[in-house]
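>>> Quick one, what's the 3D model for this:
(2 chains)
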Amino acid sequence: MDFTFSEDELALREAVSRFLMVEAAPEVLREIWQEDTGRSPQLRRAIAEQGVMALSIPEAYDGLGMGDVMWSLIAQELGYYAIPDSLIDTAYVAAYLITQLPDEVAQKATWLQQIGTGELRVSIAHVEQQFVADAHLADVIFYFTADALHVLSNDAVSLVDNPSIDSSRRLFKMTPVTPLPAPILEGNAVAALYAQVNARGAIANAGQQLGLAQRMLDLSIDYVNQRKQFGKLIGSFQALKHKLADVVSAIEMTKPTLYRAAYALEHDASRAPLYVAQVVIQARDAAKLAAKHSIQAHGAMGYTWEVDLQMFIKRSHALQASWGRTSEFEHRVLDALLAEPDLADPCMTFMGLSA
Amino acid sequence: MNLTFTPEQCAFREQVRTWLAHNKPSKKLKSYDTKEGFEEHRAWEKVLYEARYSMVMWPEELGGRGCDLIEWLIFEEEYYRADAPMRVNQNGQLLLGPTLIEFGTEAQKKRFLPPMASSEHMWAQGWSEPNAGSDMAAIRSKAVREGDEYIISGQKTWSTRAIYADWTFGLFRTDPDSSRHHGLSYIVVPLDAPGITIRPIKALNGKDAFAEIFFDDVRVPIDNRIGEEGQGWRVAMATAGFERGLLLRSPARFMQPVKKLLELYRHYQAQVDADLSLRKAVVDCWNMAESYALSAYYTVGRLQNGEKIGAESSINKIIWSELDLKIHETAMAILGEQAELMGSAPHAYADHDWMEGFLFAQAGPIYAGTNEIQRNIVAERLLNLPR
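This is a model prediction of the structure:
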């Protein structure tokens, strides 16, 4: 039992954090919002040069071969710095998807190498999901139906731009041009693969929500430590202290839940879907609490365009339903518990986590 | 990161599980807030002690097993999984015990710890006073030095099960000119000493769950002082940290009622399944109990890495007390019109007395430092907000 991260893992997280702090500062992100594409090729190249795009690319394809546990740390950083979706969708979720494809898929090696170098942008779409993030720039779109996986280029789809409240999100209602190209995967394997892909999308969502919650908390701490009313710093008032204490409690209690879910995914544990659902629920709740209390802590300034808090509040709201409604995850947890009440035995927390 | 137990840890779990299966009382003991139940629990504590399962983390010479924190968590998981009796002497074992181990002399450790582990000595805490609750530094009870003795006078209150207990421990003002947290000393007092009067306070469950202790020139030897004279606050703060932190309320203690909550939900599923708020509440209870368990192991990892845990203890206290409330509120909602019934009512839900736990859960956010105080601590020490 060793519930800690290695020094290498922590150092990598620290390096990514320091890099994003400078290169993806709020004023930089605000400039990128003004671009037609909503994306910055320079920032993307710089991120790739840091090795972030190659994190989970297998070493055989010139990547770092990291897994879900490492991503549980990186996802929090990407949330903290409000890095737009296509990075984690491509470098984590799509990279995972591609590694799971049969070796007969001719482009597999090329795709993996190009993700690692930052040349390839990937979007993932499911027939039951209306909107696809960053489809306008995607070099490859993986399109899941119930029993087939198709690879589409973005000129083989029609896209209708649907602006999100989060100015960094670029969402498109996607309709594939028919007939679809021949699938690269068919049958039962498709649903099984999508479940695994969705689990990565969902845990990435949870990690980002936690990072966003931490950012909102940090901005609030800064604010209440400099704003004075009644001749005192407003951070000295219990009404605000107690709100922010609740936010940090929610964040701290959710972190180990995130790490167990990531560990379960990395070790292909049968309970991984349950643990992912758990952290999605908790991380979203933590982010909602952080959003609510941090805007209150900022007073009217929190409601302005000028103060950066809005970027993180709106992003956390925007991400509340991506990769599945919270109620679906709640039903998944309760159904699992009712089917197997022994899951709530006090000895079960780490049972069945090894492959 | 490796989230699997070692073969040794698994073997320890198996050993505890087997022992509990063969040795735990065959029927539920009476409430330890009654005289009869208190003595039943004392007898059980002796059984635990003789098998060296009373205080598994204490060193072997004090009757323990020298277990580390992971083994302690495993022991706790098995203990609550077996639904074994509540630990009646916890206030001594978990609050005073670690303090004695850290600050006591060798003679004090030998004198107090083994009978505490066996519950031959039952301990009641003596922190609060009528005018010193959340504001513990307002303590006025005094201990005046006379030769080799202290003469103690004053009043303590909210002393859990003090009418049945043998000893009390707490802070007394040894410097009459001092104020606030200066000039206090940490002293233990036998409850049968001349000059002691104990008056029970009936709790809202109708039982004599706690008491007032009056000290009328009670003489104790200065050997009953733990730590240096005047250093009581520092010694007590160490204890307070243990108390609201992990040790007093292990995660397993809350997972067990969550399992019972799931059984309750299944029992009433036809009536309650359409209530989405109840579904969400049950999910939240399991999520939070699991999170608390995970955070315990995660904290152990941080301690192993040499990190210090400080105000995080206050987060734990808020979490477990509010989780306990949520579990029991949810159970009450599931029970519907049966919720208000006494456990003895002929048509009460038979498998578990939820009302007993519901009432006790009301006290969680108050005892061991109110949750308002804990939130202040989190805000000031963890988030560095101004005082």
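
>>> After the helix-or-strand element of chain B with minimal mean pLDDT, which helix or strand is next?
Taking mean pLDDT, DSSP states H and E as the measure, chain B has helix B:232-244 as its least confident helix or strand, at a mean of 75. Sequence order places helix B:252-267 as the next helix or strand after helix B:232-244, per DSSP states H and E.

>>> what mean pLDDT does that following helix have?
Helix B:252-267 carries an average pLDDT of 96.

>>> Quickly check: it near chain A or not.
Yes: if you take C-beta under 8 Å from any C-beta of the partner chain as the test, helix B:252-267 does meet chain A, through B:Ala252, B:Met255, B:Gln256, B:Val258, B:Lys259, B:Leu261, B:Leu262, B:Glu263, B:Tyr265, B:Arg266. Using the backbone N, CA and C atoms, a C-beta is placed for each residue, glycine as well.

>>> Put together a markdown table for those residues, with neighbour count on each row.
Listed next are the residues of helix B:252-267 next to chain A as a markdown table, based on neighbours: other C-beta atoms under 10 Å in any protein chain shown:
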| residue | neighbour count |
| --- | --- |
| B:Ala252 | 24 |
| B:Met255 | 28 |
| B:Gln256 | 22 |
| B:Val258 | 26 |
| B:Lys259 | 22 |
| B:Leu261 | 26 |
| B:Leu262 | 21 |
| B:Glu263 | 13 |
| B:Tyr265 | 23 |
| B:Arg266 | 12 |
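
>>> how about stretch A:209-228 as PDB, C-alpha atoms only?
Written as PDB, here are the backbone C-alpha positions of stretch A:209-228 (Å, rounded to 0.1, in the frame of the first residue of the first chain):
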ATOM      1  CA  GLN A 209     -13.200  20.400 -12.500                       C
ATOM      2  CA  LEU A 210     -11.000  19.900  -9.400                       C
ATOM      3  CA  GLY A 211      -8.300  22.100 -10.900                       C
ATOM      4  CA  LEU A 212     -10.900  24.700 -11.800                       C
ATOM      5  CA  ALA A 213     -12.300  24.600  -8.200                       C
ATOM      6  CA  GLN A 214      -8.700  25.100  -6.900                       C
ATOM      7  CA  ARG A 215      -8.200  28.100  -9.200                       C
ATOM      8  CA  MET A 216     -11.500  29.700  -8.100                       C
ATOM      9  CA  LEU A 217     -10.600  29.100  -4.500                       C
ATOM     10  CA  ASP A 218      -7.100  30.600  -5.000                       C
ATOM     11  CA  LEU A 219      -8.500  33.700  -6.700                       C
ATOM     12  CA  SER A 220     -11.000  34.100  -3.900                       C
ATOM     13  CA  ILE A 221      -8.300  33.800  -1.200                       C
ATOM     14  CA  ASP A 222      -6.300  36.500  -3.000                       C
ATOM     15  CA  TYR A 223      -9.400  38.700  -3.200                       C
ATOM     16  CA  VAL A 224     -10.600  38.500   0.400                       C
ATOM     17  CA  ASN A 225      -7.000  39.100   1.500                       C
ATOM     18  CA  GLN A 226      -6.900  42.500  -0.100                       C
ATOM     19  CA  ARG A 227     -10.500  43.800  -0.200                       C
ATOM     20  CA  LYS A 228     -11.400  45.900   2.900                       C
END
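
>>> Give me the buried positions along it.
Neighbour counts over stretch A:209-228 (16 or more other C-beta atoms under 10 Å in any protein chain shown) mark A:209-217, A:219-221, A:223-224, A:227 as buried.

>>> The nearest residue to B:Glu78 once chain neighbours are set aside: how many residues sit nearby?
Among residues not flanking B:Glu78 along the chain, B:Val16 sits closest, at 4.3 Å (C-beta to C-beta, 6 or more residues apart in numbering or on different chains). If you count neighbours by other C-beta atoms under 10 Å in any protein chain shown, B:Val16 ends up with 22.

>>> Can you tell me how far B:Val16 is from B:Arg81?
Per C-beta to C-beta, to the nearest Å, B:Val16 is found 10 Å from B:Arg81.

>>> Any stretches of chain A with poor pLDDT?
Residue ranges of chain A with pLDDT under 70: A:355.

>>> what would the residues of helix B:252-267 next to chain A look like in a markdown table with distance to A:Gly67?
Formatted as a markdown table, these follow (distance: C-beta to C-beta, whole Å):
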| residue | distance to A:Gly67 |
| --- | --- |
| B:Ala252 | 30 |
| B:Met255 | 28 |
| B:Gln256 | 34 |
| B:Val258 | 30 |
| B:Lys259 | 32 |
| B:Leu261 | 34 |
| B:Leu262 | 32 |
| B:Glu263 | 37 |
| B:Tyr265 | 35 |
| B:Arg266 | 36 |
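
>>> Nearest to A:Glu7 among these?
For the residues of helix B:252-267 next to chain A, the minimum distance to A:Glu7 (C-beta to C-beta) is 31.4 Å, reached by B:Ala252.
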